[in-house]
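**Student:** From the sequence below, what's the structure:
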Amino acid sequence: MSVYKNKWTILCYLVVGAFLSPLDYFIVNMALPLIEKSYKASESQLQMVIAIYGLTYPSLVVCSGKLGDIYGRRRIFVIGLWTFLFSSLGCALSPSINFLLFFRFLQGLGASLLAPQVLASIKVIFDEPERTKALGIFGSVFGLAAIISQLLGGILLGLELWGLTWELIFLVNIPIAATCLYGVYTNMPKERIQRQGIDFWGIVLVVSSLVCFITRVVYGRGYDWAWWIFVIIGLSFLLLVLFFNYEQNREKQGLSVLLEISLLKSSDFSRNLPLILFYNFTAGLFICYPYYLQIHLGWTVLASGLAILPYGAGFFLGPLLFAKWNRKNSFWIQLGLGLLSGSFVLLALLFGNYDTPNSIMHALFLFAGLGHGVLMPSMMKESIGSVANKQIGAASGIISTVMQVGSVLGGGSDRNTFLQP
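**Tutor:** Next comes the predicted model:
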């Protein structure tokens, strides 16, 4: 039985804080032309504005779940919010593109500390009957971010308040983060710090492996898949093997580990990870589709943002439907996969015959988003259901990492393709 009396208030502030990470991912893409104009930035610098966040966030998120286990989810979440708040201010006030890139790195660092703490807190705070609803609310945040980022980005970039344009997309993060900080400080109790060391070399190995893997996705095409790109690919897998062996040896010796190998040996947990990776490939849609509408069809930023709303609306409604309608988890997984895969196959066929999206295509985007929306919370519930509370931070970190790597694989290649001159 949960002892948290104000659990729903806590969840509200946690999910709003977690909302910042995907919001920033989606909204910055819309501001790239204005950033280019402001700094006279090169194509490679523009690519780095997106890529440095995309590299930092998924590379470090695997560590933040374990840090939450050791130092407390509240403490790590608050550190992430403060980091995100000040780095957002730094982005808006950056005097040069290099300063902007530095603060984007810090944004990725702050963002990596947020989502795993929310998923782990849901497992700890909520009992089984309420956990489904809580996961549905958490899942809907990502769909809401997809909707709001397109609308908010289009509106803010057109307002030019106080002579500011792209700076506003970073400044908007500050009141959101400040509100969450107040809510977490006043509602979420502190947790006891566990007496265990940090697996420093484990962190170095897994972060290095992820950085190498993601680098080849982001930069492979830009360097015409030069030989050293394939060396980096091989190095990423070598480092990953070394990491697993290193963690296994530490676990046998009874030392603290970043990743408990027993988690991955649990079929209830590990069998869901490939599917979680798969459905996050759709992140590329939020880059290539608005770009296609703006560059090839001549649509405005706001109009192209509105065109993606059917997917975002489905993505938002799906988790809420999952939370409201009591059905077996297997039903939601099959329904989500069917809607997501079937809709994209039909969309591919239609775009092969029609240049301009029509009402049927908009409806298919809605169904695809709905499929994504019901898959996300159902897979999270399936993954964390059998995980012990003492391992939930590490498990949440793994799930969040797989989600972000899927997003990078889906979105990184498209960014690389569509930002080429």
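
**Student:** Where does pLDDT dip in the stretch 251-400 of the chain?
**Tutor:** Regions of the stretch 251-400 of the chain meeting the criterion pLDDT under 70 cover residues 266-268, 287, 301, 386, 389.

**Student:** Just the strands from it, written as ranges.
**Tutor:** Read by DSSP state E, counting those that start in this stretch, the stretch 251-400 of the chain holds no strands at all.

**Student:** Helices along that one, start to end?
**Tutor:** Residue ranges of the helices in the stretch 251-400 of the chain, as given by DSSP state H, counting those that start in this stretch, are 261-265, 267-270, 273-279, 285-291, 301-307, 309-324, 329-351, 359-384, 392-418.

**Student:** Then the stretch 101-250 of the chain?
**Tutor:** Here the stretch 101-250 of the chain has its helices, by DSSP H, counting those that start in this stretch, at 115-125, 128-159, 168-171, 173-187, 200-219, 227-252.

**Student:** on that earlier part again, can you tell which of the helices of the stretch 251-400 of the chain is closest to Ile155?
**Tutor:** For the helices of the stretch 251-400 of the chain, distance to Ile155 was read as C-beta to C-beta. The smallest value, 7.5 Å, belongs to helix 301-307. For glycine as for every other residue, the C-beta is placed from the backbone atoms N, C-alpha and C.

**Student:** Let's see that closest one as CSV, backbone CA atoms only.
**Tutor:** This file holds the C-alpha atoms of helix 301-307, laid out as CSV (Å, rounded to 0.1, in the frame of the first residue of the first chain):
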residue,chain,number,x,y,z
VAL,A,301,5.8,27.3,-40.4
LEU,A,302,2.5,27.5,-38.7
ALA,A,303,0.6,25.6,-41.4
SER,A,304,3.2,22.8,-41.5
GLY,A,305,3.0,22.6,-37.7
LEU,A,306,-0.7,22.3,-37.8
ALA,A,307,-0.4,19.4,-40.3
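
**Student:** What is it packed up against?
**Tutor:** Using 3 or more C-beta pairs under 8 Å, 6 or more residues apart in numbering; DSSP states H and E as the contact criterion, the secondary-structure elements in contact with helix 301-307 are helix 128-159, helix 285-291.

**Student:** Turn the ones you listed into a markdown table, including distance to Ile97 and mean neighbour count.
**Tutor:** As requested, those are arranged in a markdown table below (distance: least, C-beta to C-beta, whole Å; neighbours: other C-beta atoms under 10 Å):
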| stretch | distance to Ile97 | mean neighbour count |
| --- | --- | --- |
| helix 128-159 | 18 | 20 |
| helix 285-291 | 20 | 21 |
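
**Student:** Could you count how many residues lie near the closest residue to Pro357 other than its chain neighbours?
**Tutor:** Leaving out its chain neighbours, the residue that sits closest to Pro357 by C-beta to C-beta, 6 or more residues apart in numbering is Ala307, at 6.4 Å. One way to gauge burial is a neighbour count; for Ala307, by other C-beta atoms under 10 Å, it gives 21.

**Student:** Over to the one 10 residues further on?
**Tutor:** The burial metric for Leu317, expressed as a neighbour count using other C-beta under 10 Å, is 17.

**Student:** how close does it get to Gly406?
**Tutor:** 21 Å (C-beta to C-beta, to the nearest Å).

**Student:** before we move on, what about Ser341?
**Tutor:** Summarising the geometry, the distance separating Ser341 from Gly406, computed by C-beta to C-beta, is 15 Å.

**Student:** These two: who's more crowded?
**Tutor:** Set side by side, Ser341 and Gly406 show unequal neighbour counts under other C-beta under 10 Å, the larger going to Gly406 at 22 against 14.

**Student:** Might one say that the more buried one is in contact with Phe281?
**Tutor:** Yes: here Gly406 lies in contact with Phe281, judged by C-beta atoms under 8 Å, at a distance of 5.6 Å.

**Student:** sorry, back to before: between the helices of the stretch 101-250 of the chain, which one is closest to Ile52.
**Tutor:** Ile52 lies closest to helix 200-219 among the helices of the stretch 101-250 of the chain, at 9.4 Å (C-beta to C-beta).

**Student:** For the closest one, what is the distance to the chain centroid?
**Tutor:** Taking C-alpha atoms, centre = their mean, to the nearest Å, one finds the center of helix 200-219 at 17 Å from the center of the full chain.

**Student:** swap in stretch 348-355?
**Tutor:** Put simply, stretch 348-355 sits 29 Å off its chain's centre (C-alpha atoms, centre = their mean).

**Student:** before we move on, the earlier item: of the helices of the stretch 101-250 of the chain, flag the one that's most buried.
**Tutor:** Using mean count of other C-beta atoms under 10 Å, the stretch among these with the greatest mean number of neighbours is helix 115-125 (a mean of 26).

**Student:** Which elements pack onto it?
**Tutor:** So helix 115-125, by 3+ C-beta pairs under 8 Å, 6+ apart, packs with helix 7-39, helix 43-71, helix 73-92, helix 128-159, helix 359-384, helix 392-418.

**Student:** quick one, the longest one and helix 128-159 angle?
**Tutor:** Between the axis of helix 7-39 and that of helix 128-159 there is an angle of 30 degrees, by axes from the mean of the first three to the mean of the last three C-alpha atoms, to 10 degrees.
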